[in-house]
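S.K.: My questions concern the predicted model and sequence given below.
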Amino acid sequence: LRHGADSAQGDDTSKLKTLVAEWVNREFKPDPLVDPDDKHSRGFTNDACGRLLCPAELDWNDPIVRTGIRDRSEGHVVTDLSFPTYLYDKYTTNLDDLEEGLFKGKILIQGYKAVFTSPSSAKDVEGDGDGTDVIQNNRRARKNLSGLKVKKHVAQIINMRKVTPRSIAYIACQVRFALSSVTSWWSVDGDFDYVQF
């Protein structure tokens, strides 16, 4: 079972490595573009990825914050104790209410749909984040009009009927890894602990 789970995680990691680069390039149009095959061009060295990985309570547009994060200066070390901006609706945070818009970030939802339904289902996401489209995609896949057999997606295979906290946490970690410059999966990535996150 463990081997199968590790294999599935590796498949998801590989899938999201490419897709997240495409989504970042399409939405933010960074110069240079995020290379889907090169993790070294990601992370805090890339302004678009850095903006999405930046802790929500900090302002990536502030050059002092950007430099502080890149240099790992005191007060700017990124750990698992902060929520990254990519988790938030429109990638913005209400500092008076850090739960407002949380887990409604477009790239997070795209990652969720790409893993649990299909990469094509992640193309048009507006970030409503209520989870009903996972259930709708399950129903649509079962009702193929032509009567042909349709390959089941992950949500069907594991009988997922709703979005769960565990599945959100899994995708949040996968998307963070895809945005980072780290090339190998470890539970601790520098100062960031995926298990604690």
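M.R.: Nice, thanks for sending it over.
S.K.: can you give me the helices in the protein?
M.R.: Ranges of helices within the chain are 2-28, 47-53, 63-71, 106-116, 132-142, 154-157, 165-179, based on DSSP state H.
S.K.: List just the one of those helices that sits closest to residue 86.
M.R.: Taking C-beta to C-beta, helix 47-53 is the member of the helices of the chain nearest to residue 86, at 3.9 Å. For glycine as for every other residue, the C-beta is placed from the backbone atoms N, C-alpha and C.
S.K.: List the buried residues for that closest one?
M.R.: For helix 47-53, the neighbour count (16 or more other C-beta atoms under 10 Å) marks 48-53 as buried.
S.K.: In a markdown table, list the residues you listed along with pLDDT and distance to residue 76.
M.R.: Shown next, in a markdown table, are these (pLDDT from 0 to 100; distance: C-beta to C-beta, whole Å):
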| residue | pLDDT | distance to residue 76 |
| --- | --- | --- |
| 48 | 97 | 19 |
| 49 | 97 | 16 |
| 50 | 97 | 12 |
| 51 | 97 | 14 |
| 52 | 98 | 16 |
| 53 | 97 | 12 |
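S.K.: Using JSON lines, please lay out these together with distance to residue 173.
M.R.: Formatted as JSON lines, the buried residues of helix 47-53 follow (distance: C-beta to C-beta, whole Å):
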{"residue": "48", "distance to residue 173": "20"}
{"residue": "49", "distance to residue 173": "16"}
{"residue": "50", "distance to residue 173": "18"}
{"residue": "51", "distance to residue 173": "19"}
{"residue": "52", "distance to residue 173": "14"}
{"residue": "53", "distance to residue 173": "13"}
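S.K.: Least confident of the helices of the chain, on average?
M.R.: Across the helices of the chain, helix 132-142 has the smallest mean pLDDT, namely a mean of 52.
S.K.: how near is residue 37 to residue 18?
M.R.: Separation of residue 37 from residue 18 (C-beta to C-beta, to the nearest Å): 8 Å.
S.K.: More neighbours: these two, which one.
M.R.: For residue 37 versus residue 18, neighbours defined as other C-beta atoms under 10 Å are more numerous around residue 18 (14 against 8).
S.K.: okay, now the closest residue in space to the more buried one that isn't next to it in sequence: neighbour count?
M.R.: Nearest residue to residue 18 in three dimensions, chain neighbours excluded: residue 36, at 4.5 Å (C-beta to C-beta, 6 or more residues apart in numbering). Applying other C-beta under 10 Å, we find 15 other residues in the vicinity of residue 36.
S.K.: what's near enough to touch residue 36?
M.R.: For residue 36, the contacting residues are 17-18, 21-22, by C-beta atoms under 8 Å, 6 or more residues apart in numbering.
S.K.: and it, what are its phi and psi?
M.R.: phi -60, psi -20 (degrees, to the nearest 10).
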